[in-house]
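>>> This is a predicted model, with the sequence first.
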Amino acid sequence: MKVFSEVIRENKFVPGDLSFILTTDSNIRKINYEFLKHDYFTDVITFGYNEGKILNGEIYISLETVRSNSLNYNVSLKNELIRVIAHGIIHLMGYDDSTDEERKEMRRIENIWLMRLGEETGDV
């Protein structure tokens, strides 16, 4: 999507090789434990391979959790999936969400992306 490229560039990065892998809750929990030693489900896991300011990485997304979250938050599946994609890209740009303050900042950026995508497509 054009807006992702624009926002990446606005943050002084260049879009590189970004892979988005849709997977299951079971698989993402295995990845979460194997690589991060976290024994729980999550909606997204990001592995960054940036080369300087070139944004490269793999973003694993549990479609099951995204679907469940879309129902819990009363938003469309498309909206929630875009939010999770944005979240993964934001991580690749160096943002973290370990604290409440960091989570708020990431959510703020996600909301900007969603708003801009809505303006671009007319339907988010």
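Perfect, I can see it now. Numbers count the residues shown, from 1 in each chain.

>>> and stretch 49-58, how far apart are its ends?
Stretch 49-58 stretches 8 Å from its first residue to its last (Cα to Cα, to the nearest Å).

>>> Other residues contacting it?
Around stretch 49-58, the neighbours that count as contacts under Cβ atoms under 8 Å, 6 or more residues apart in numbering are 8, 12-19, 21, 46-48, 88-89, 92-93. For every residue, glycine as well, the C-beta is placed using N, CA and C.

>>> Mind giving me the ChimeraX select for those residues, buried ones only?
Selecting only the buried entries of the contacts of stretch 49-58 in ChimeraX, with 16 or more other Cβ atoms under 10 Å as the criterion:
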select :8,13,16,18,47,88,89,92,93
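
>>> what's the longest helix in the chain?
helix 100-121 (DSSP state H).

>>> the helices in this structure, which residues?
Assigned helices in the chain, in chain order: 2-10, 25-36, 63-72, 77-92, 100-121 (criterion: DSSP H).

>>> Could you save those as JSON lines and add columns showing mean pLDDT and distance to residue 53?
Conversion of these to JSON lines gives the following (pLDDT from 0 to 100; distance: least, Cβ to Cβ, whole Å):
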{"stretch": "helix 2-10", "mean pLDDT": "85", "distance to residue 53": "10"}
{"stretch": "helix 25-36", "mean pLDDT": "96", "distance to residue 53": "25"}
{"stretch": "helix 63-72", "mean pLDDT": "97", "distance to residue 53": "29"}
{"stretch": "helix 77-92", "mean pLDDT": "93", "distance to residue 53": "11"}
{"stretch": "helix 100-121", "mean pLDDT": "86", "distance to residue 53": "18"}
